[in-house]
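Asks: Kindly return the folded structure for what I paste below:
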Amino acid sequence: MKRDIHAQQIRLGRLNVLCDSAFEDDLTADLFDPLKLEKAGVLNGKAQGRGEAWFIRYRGHSWVLRHFRRGGLVGRFVNDCYFGWNLERTRAWAEWRLLDDLYCKGLPVPRPVAAAVQRGFGFYRADLLTELIPDSQSLSARLTVEPQSEDFWKELGVCLRRFHDEGVYHADLNAKNILIDACSQVFLIDFDRGAFRPPGAWMQNNLQRLKRSLLKMKGVTESFYFEETEWQLLLEGYDF
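Replies: A predicted model of the protein is given here:
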């Protein structure tokens, strides 16, 4: 199903914001400040990861705010600053643009709401606001509760192949970045550093990255319902 988003560039105080024009009237600079959100009583929870994420209930909307933070060795010294001036090349705006393309193609991703960048002298900080996927949980969380059906694993493979057929490279395809809603529909999230690529070895590397994340979680989680037979079902769906 094709969907439309109309991109709009606006200023909110010191923030340079790229947004879906449908939400422009609802956006304020305070939406990108978790402390102010907490004081306003609109926070509805928090998820922990390399980039912190906050769940927001605001004016009838359910949104997820993610602050961009560096990982690895660099992240120990430069927490959330990125070098660069060009807004279109910032991590937040680039991810918003990619989500816009994917969402409008009808792929199962969260709808992008706004990407905010605050520029300094040669560096920037960034945040991304997306719609919440209701009644969903990560694949990693789901597998700690109960095993999934054969049809589920095949459908997961079909979903991943759909992204790859569109040339979508996910830079961090792991079990935490796959969400499943109450109807067992699969969504991919967190497209930071994602891109469109021509077919190549990256497609199989993407799958192997996912498998490694599943095996890693199985090794450190007491109850984790994943076996090689499930992986073969996923590949069956992927190669269908």
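Asks: Please identify the helix or strand for S62.
Replies: Per DSSP states H and E: S62 is located in strand 61-67.
Asks: Can you point out the buried residues in that strand?
Replies: Neighbour counts using 16 or more other CB atoms under 10 Å place W63, V64, L65, R66, H67 of strand 61-67 among the buried residues. Using the backbone N, CA and C atoms, a C-beta is placed for each residue, glycine as well.
Asks: and what of stretch 104-122?
Replies: 107-119.
Asks: what mean pLDDT does it have?
Replies: If you average the pLDDT over stretch 104-122, you get 95.
Asks: now stretch 160-176
Replies: Confidence over stretch 160-176 (mean pLDDT, whole number) is 97.
Asks: Pull up the gap between the most centrally placed residue in the chain and E230, please.
Replies: The chain has D190 as the residue nearest its centroid, 2.0 Å off, counting by CA atoms, centre = their mean. For D190, the distance to E230 (CB to CB, to the nearest Å) stands at 23 Å.
Asks: Over to E155?
Replies: Counting by CB to CB - E155 and E230 are separated by 12 Å.
Asks: And what about E155, helix, strand or coil?
Replies: helix (DSSP: H, G, I helix; E, B strand; the rest coil).
Asks: For it, which non-adjacent residue is spatially closest?
Replies: Leaving aside its chain neighbours, E155 sits nearest to G237 (6.1 Å; criterion: CB to CB, 6 or more residues apart in numbering).
Asks: before we move on, what about A175?
Replies: With CB to CB, 6+ apart as the criterion, A175 has its nearest non-adjacent residue at 3.9 Å, and that residue is S140.
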